[in-house]
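Visitor: what follows is a predicted protein model with its sequence.
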Amino acid sequence: MRLIDADNMDFSKTNLNKSQMKAVLDFMDAQQTAYDVDKVVERLEGLKHPYTSFTERYGALNAYDYYIEKAKTIARKGGKDANTSN
(Lines give C-alpha, C1' and ligand atoms only; values in the text may rest on other atoms or scores of the structure.)
Protein backbone atom coordinates (compact mmCIF):
# COMPACT_ATOMS: atom_id res chain seq x y z
CA MET A 1 0.00 0.00 0.00
CA ARG A 2 1.14 3.55 -0.63
CA LEU A 3 -0.34 6.86 0.36
CA ILE A 4 -1.37 9.41 -2.24
CA ASP A 5 -2.15 13.10 -2.02
CA ALA A 6 -5.69 13.21 -3.38
CA ASP A 7 -5.57 17.02 -3.58
CA ASN A 8 -2.76 16.80 -6.14
CA MET A 9 -4.32 14.19 -8.42
CA ASP A 10 -3.92 15.10 -12.09
CA PHE A 11 -6.79 13.96 -14.27
CA SER A 12 -5.86 16.13 -17.25
CA LYS A 13 -4.75 13.16 -19.36
CA THR A 14 -7.88 11.08 -18.73
CA ASN A 15 -10.95 10.79 -20.86
CA LEU A 16 -13.42 11.03 -18.01
CA ASN A 17 -16.56 13.08 -18.38
CA LYS A 18 -17.86 15.26 -15.52
CA SER A 19 -20.12 12.54 -14.14
CA GLN A 20 -17.33 9.98 -14.12
CA MET A 21 -14.92 12.50 -12.58
CA LYS A 22 -17.43 13.25 -9.82
CA ALA A 23 -17.85 9.53 -9.13
CA VAL A 24 -14.06 9.07 -8.84
CA LEU A 25 -13.68 12.08 -6.54
CA ASP A 26 -16.64 11.04 -4.38
CA PHE A 27 -15.13 7.57 -4.06
CA MET A 28 -11.75 9.00 -3.03
CA ASP A 29 -13.37 11.36 -0.51
CA ALA A 30 -15.23 8.46 1.09
CA GLN A 31 -11.99 6.56 1.84
CA GLN A 32 -10.57 6.55 5.34
CA THR A 33 -7.44 8.63 5.84
CA ALA A 34 -4.50 6.27 6.18
CA TYR A 35 -2.07 8.78 7.67
CA ASP A 36 -3.07 11.55 10.03
CA VAL A 37 0.01 13.69 10.71
CA ASP A 38 -1.55 15.39 13.73
CA LYS A 39 -2.34 12.07 15.39
CA VAL A 40 1.18 10.74 14.71
CA VAL A 41 2.81 13.87 16.16
CA GLU A 42 0.44 13.75 19.14
CA ARG A 43 1.47 10.14 19.85
CA LEU A 44 5.16 11.07 19.53
CA GLU A 45 4.63 13.94 21.97
CA GLY A 46 3.43 11.35 24.48
CA LEU A 47 6.73 9.49 24.14
CA LYS A 48 8.83 12.31 25.54
CA HIS A 49 11.44 11.17 28.00
CA PRO A 50 10.56 11.76 31.68
CA TYR A 51 13.51 14.12 32.03
CA THR A 52 12.47 16.32 29.10
CA SER A 53 11.38 19.24 31.28
CA PHE A 54 14.74 19.15 33.08
CA THR A 55 16.72 19.03 29.84
CA GLU A 56 14.63 21.80 28.27
CA ARG A 57 15.00 23.96 31.36
CA TYR A 58 18.78 23.70 31.34
CA GLY A 59 19.17 23.81 27.55
CA ALA A 60 20.40 20.26 27.18
CA LEU A 61 18.76 17.81 24.80
CA ASN A 62 19.38 14.13 25.34
CA ALA A 63 19.53 11.64 22.47
CA TYR A 64 16.06 10.26 23.20
CA ASP A 65 14.40 13.67 22.93
CA TYR A 66 16.49 14.51 19.85
CA TYR A 67 15.14 11.47 18.01
CA ILE A 68 11.55 12.12 19.10
CA GLU A 69 11.84 15.67 17.71
CA LYS A 70 13.41 14.31 14.51
CA ALA A 71 10.60 11.74 14.14
CA LYS A 72 7.98 14.50 14.53
CA THR A 73 9.71 16.55 11.83
CA ILE A 74 9.78 13.56 9.47
CA ALA A 75 6.10 12.81 10.18
CA ARG A 76 5.14 16.42 9.43
CA LYS A 77 7.00 16.21 6.11
CA GLY A 78 5.10 13.07 5.11
CA GLY A 79 8.03 10.72 5.62
CA LYS A 80 10.66 12.89 4.01
CA ASP A 81 13.67 13.78 6.12
CA ALA A 82 15.53 16.91 5.03
CA ASN A 83 18.86 15.15 5.73
CA THR A 84 18.21 12.14 3.47
CA SER A 85 17.21 11.53 -0.13
CA ASN A 86 14.03 9.64 0.95
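Guide: Structure's in. What do you need? Residues are numbered from 1 along each chain as shown.
Visitor: helices of this structure, residue ranges please.
Guide: Secondary structure of the chain (DSSP state H): helices at 18-30, 37-45, 52-57, 63-76.
Visitor: quick one: residues contacting the residue lying farthest from the centre of the chain.
Guide: No residue in the chain sits farther from the centre than residue 17, which is 32.4 Å out by C-alpha atoms, centre = their mean. Neighbouring residues of residue 17 by C-beta atoms under 8 Å, 6 or more residues apart in numbering: there are none. Glycine gets a C-beta too; all of them are placed from N, C-alpha and C.
Visitor: tell me, please, the helix or strand in the protein that averages the lowest pLDDT.
Guide: Lowest by mean pLDDT, DSSP states H and E among the helices and strands of the chain is helix 52-57, with a mean of 62.
Visitor: hang on, the earlier thing: mean pLDDT lowest for which of the helices of the chain?
Guide: Sorting these by mean pLDDT places helix 52-57 lowest, at a mean of 62.
Visitor: among the helices of the chain, which is the most enclosed?
Guide: Ranked by mean neighbour count, the helices of the chain are led by helix 63-76 with a mean of 15 (mean count of other C-beta atoms under 10 Å).
Visitor: what's the offset of it from the middle of its chain?
Guide: 13 Å (C-alpha atoms, centre = their mean, to the nearest Å).
Visitor: need the nearest residue in space to residue 21, chain neighbours excluded.
Guide: Closest residue in space to residue 21, ignoring its immediate chain neighbours: residue 11 at 6.3 Å, by C-beta to C-beta, 6 or more residues apart in numbering.
Visitor: right, I'll leave it there.
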